[in-house]
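J.: The sequence isn't on hand, but the structure is:
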């Protein structure tokens, strides 16, 4: 895994669904120190804003922008490169069962504007949550269009709960009737690319596909039964600045790991 000494003067940005920041905090703090990450977009904090470990992160030099309301969902941007112009929530975004869920937060971190997003899962095709997912993605498209077309490096990072292609699924036939791979979901990703965003595909550190998620069940990780659903969508200036990108699958190993691995991007900005 590339460490701080390998970066030269690059800015390191990452996204990670931690699946409970409280449960993952010791691993998170150690990972931040070992990798020298400058900006991290976090999903599934599963805490309130008051319960978010801002003090512990501040000791490592990170400011925090948090959108979290309780035991489900929750997103954050933490940065040691500056944190300005924070927008909490998805402007114009739909609610689910009358509730605006905490699924988006954006901030300017030095030369880069980032969004941390946790796209609704969808549950199953035909479910109300699936329709909500598609409405949410439509609102995201509208909200990010200006930044996507801009001249400042801009990226939407997070758990999209969509595998862009069949190559991003360990067994496409197994998911044929499931969410995450439907034409409508992939069309929503294509619409995001239509705003000027590009899929920054990371390199795997092992095997041939850069999966980012492996189910806890049925030996999903040891058998590499993965999905690439944690994505970095950057505009042209962001993509042009990318010097390296990789999935840190080592962080998926061992006791107490999240079921997602961090996706790391090094930028020359």
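T.: In hand now; what should we look at? None of the values given here were measured: they were computed from a predicted structure.

J.: Surely residue 129 is within a strand?
T.: No: counting by DSSP: H, G, I helix; E, B strand; the rest coil, residue 129 falls outside a strand, being helix.

J.: Leaving out chain neighbours, which residue sits closest to it?
T.: Leaving aside its sequence neighbours, residue 129 sits nearest to residue 123 (CB to CB, 6 or more residues apart in numbering; 4.3 Å). All C-beta spots, glycine's among them, are computed from the backbone N, C-alpha and C.

J.: do residue 181 as well
T.: Distances taken as CB to CB, 6+ apart put residue 175 closest to residue 181, at 4.9 Å, once the chain neighbours are dropped.

J.: Quick check: the gap between the one you found and residue 264.
T.: Per CB to CB, to the nearest Å, residue 175 is found 26 Å from residue 264.

J.: same deal with residue 169?
T.: Counting by CB to CB, the gap from residue 169 to residue 264 is 22 Å.

J.: next one: residue 85
T.: 24 Å.

J.: out of these two, which sits in the busier spot?
T.: Shown here are residue 85 and residue 264; by other CB atoms under 10 Å, residue 264 has more neighbours (23 against 10).

J.: my read: that one touches residue 250, true?
T.: No: the criterion here is CB atoms under 8 Å, and residue 264 misses it with residue 250 at 11.3 Å.

J.: count of residues packed around the residue lying closest to residue 60 once chain neighbours are set aside?
T.: Computed as CB to CB, 6+ apart, the closest residue to residue 60 that is not its neighbour in sequence is residue 32, at 5.8 Å. The number of residues packed near residue 32 is 19, by other CB under 10 Å.

J.: pLDDT score assigned to residue 32?
T.: Residue 32 is assigned 98 on the pLDDT scale.

J.: would you say it is within a strand?
T.: No: counting by three-state DSSP, residue 32 is not part of a strand but helix.

J.: check contacts around residue 64.
T.: For residue 64, the contacting residues are 52, 54, 57, 58, 76, 77, 78, 83, by CB atoms under 8 Å, 6 or more residues apart in numbering.

J.: Mind putting the residues you listed into CSV with distance to residue 110?
T.: CSV is the format used below for the contacts of residue 64 (distance: CB to CB, whole Å):
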residue, distance to residue 110
52, 22
54, 19
57, 17
58, 18
76, 17
77, 12
78, 13
83, 9
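
J.: Buried only: go through the residues you listed for me.
T.: Neighbour-count burial (16 or more other CB atoms under 10 Å) is assigned, among these, to 52, 54, 57, 76, 77, 78, 83.

J.: Helices - which of the residues you listed land there?
T.: The helices, defined by DSSP state H, take in 54, 57 from the buried ones among the contacts of residue 64.

J.: Spatially nearest residue to residue 191, not counting backbone neighbours?
T.: residue 141 (5.3 Å).

J.: number of nearby residues for the one you found?
T.: 18.
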